[in-house]
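Visitor: predicted structure and sequence below. I'll ask about it afterward.
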Amino acid sequence: MKLLKKMRKQFAVYWPPQGVNDYGDPTWSDPVQLKVRWEDIEEVLVTARGETKESKSRVFVGQDVEEGGVLWQGTLASLTTLTEPFKNKGAGQIFAVTKAPDLKVKDFLRVAYL
């Protein structure tokens, strides 16, 4: 649906989750820049595991993203650091993702919650 594409006029940087290091800390793959629609809005959600969480942002993305990944509003060129996502002020970890097809099942509405 063209509307889904038209609504994504902002940029965000996404670090996909990679695993954990020897100390049990999460690690991330190289960051990628995405076109998004970023809305700072507080919502209460119930995760797939039945936990109630508060979301501070909802981000509409054009590709699949994963829980545990990190999103930061801005461009790759504006980052403070590429390798440590949380050293970029405002970066947030994705705790829930929803995905719904359009009527023709040619595109999907994907939403990441931070």
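Guide: Structure's in. What do you need?

Visitor: I'd like the average pLDDT over the longest strand seen in the chain.
Guide: Longest strand of the chain, by residue count under DSSP state E: strand 32-46. Per-residue pLDDT values over strand 32-46 give a mean of 95.

Visitor: and that strand, how far out from the chain middle?
Guide: 7 Å (CA atoms, centre = their mean, to the nearest Å).

Visitor: ok, stretch 37-54 next?
Guide: 12 Å.

Visitor: same question for stretch 85-104.
Guide: Stretch 85-104 has its C-alpha centroid displaced from the chain centroid by 2 Å (CA atoms, centre = their mean).

Visitor: contacts made by it with the rest, please.
Guide: 1, 4, 13, 15, 28, 31, 45, 47-48, 53, 55-57, 64-74, 79-81, 107-114 (CB atoms under 8 Å, 6 or more residues apart in numbering). All C-beta spots, glycine's among them, are computed from the backbone N, C-alpha and C.

Visitor: out of these, list just those in helices.
Guide: residue 4 (DSSP state H).

Visitor: do you have the strands of this structure handy? List them.
Guide: 10-15, 17-20, 26-28, 32-46, 52-61, 70-73, 92-93, 96-101, 108-113.

Visitor: tell me the strands beside the fifth one, with direction?
Guide: Think strand 52-61. strand 32-46 (antiparallel), strand 108-113 (antiparallel) (DSSP bridges).

Visitor: average model confidence for that strand?
Guide: Mean per-residue pLDDT for strand 52-61: 95.

Visitor: in that strand, which residues are buried?
Guide: Within strand 52-61, the residues that count as buried by 16 or more other CB atoms under 10 Å are 55, 57-61.

Visitor: which of the residues you listed sit farthest apart?
Guide: Maximum pairwise distance in the buried residues of strand 52-61, criterion CB to CB, is 14.6 Å, between 55 and 61.

Visitor: quick one: residue 96 from residue 113, how far?
Guide: 4 Å (CB to CB, to the nearest Å).

Visitor: those two: which is more packed in?
Guide: residue 113 (22 against 18; other CB atoms under 10 Å).
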